[in-house]
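[1] fold the following for me, if possible:
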Amino acid sequence: MTQIIVLPHVELCPEGAVLEVAAGVSICDALLENAIDIEHACEKSCACTTCHVIVREGITSLEAAEEIEEDLLDKAWGLEPNSRLSCQAKVGAVPLVVEIPKYTINMVKEGHSKK
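    Numbers count the residues shown, from 1 in each chain. Now for the predicted structure:
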């Protein structure tokens with residue numbers, strides 16, 4: 001098991017979290033399985049940027065992003081050199097520190113009804 005430290009996010013994880021995750025699980029799936037409701041509008045198919053995260057520590061342990069992910073990341077709000085789409089970044093053996101950006105470019109959220 002590998003540890004993911006999730007930094008506090010005002011809406012999704014106000015107090016932060018420490019997760020124990022099996023290697024090979026995507027960061028997105030790890031967050032969702034631990035009740036951190038990160039957006040994932042394309043249902044984790046690498047077709048949007050709503051699951052964008054910033055890997056503050058441990059990014060070198062992740063496999064390199066493929067070209068499609070890199071192209072999509074160019075559209076993400078708050079892009080940083082250590083940004084990844086959480087649906088594509090799979091946990092390895094090294095602990096990670098992850099920050100969920102405050103905003104996304106998404107106008108709707110999966111699993112939420114229109115009001």
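[2] tell me how far the residue most central in space within the chain lies from residue 27.
    Residue closest to the mean C-alpha point of the chain, counted by C-alpha atoms, centre = their mean, is residue 86 at 3.1 Å. Residue 86 is 4 Å from residue 27, where distance means C-beta to C-beta, to the nearest Å. Where you see a C-beta, it was placed from the backbone N, CA and C, and this is true even at glycine.
[3] overlap in contacts, these two.
    53, 98 (C-beta atoms under 8 Å, 6 or more residues apart in numbering).
[4] list the buried residues for the helix or strand bottoming out on mean pLDDT in the chain?
    Scoring the helices and strands of the chain by mean pLDDT, DSSP states H and E places helix 67-73 at the bottom, with a mean of 95. Neighbour-count burial for helix 67-73 flags 69, 72-73 (criterion: 16 or more other C-beta atoms under 10 Å).
[5] one more: stretch 1-15?
    Within stretch 1-15, the residues that count as buried by 16+ other C-beta under 10 Å are 2, 4-6, 9, 12-13.
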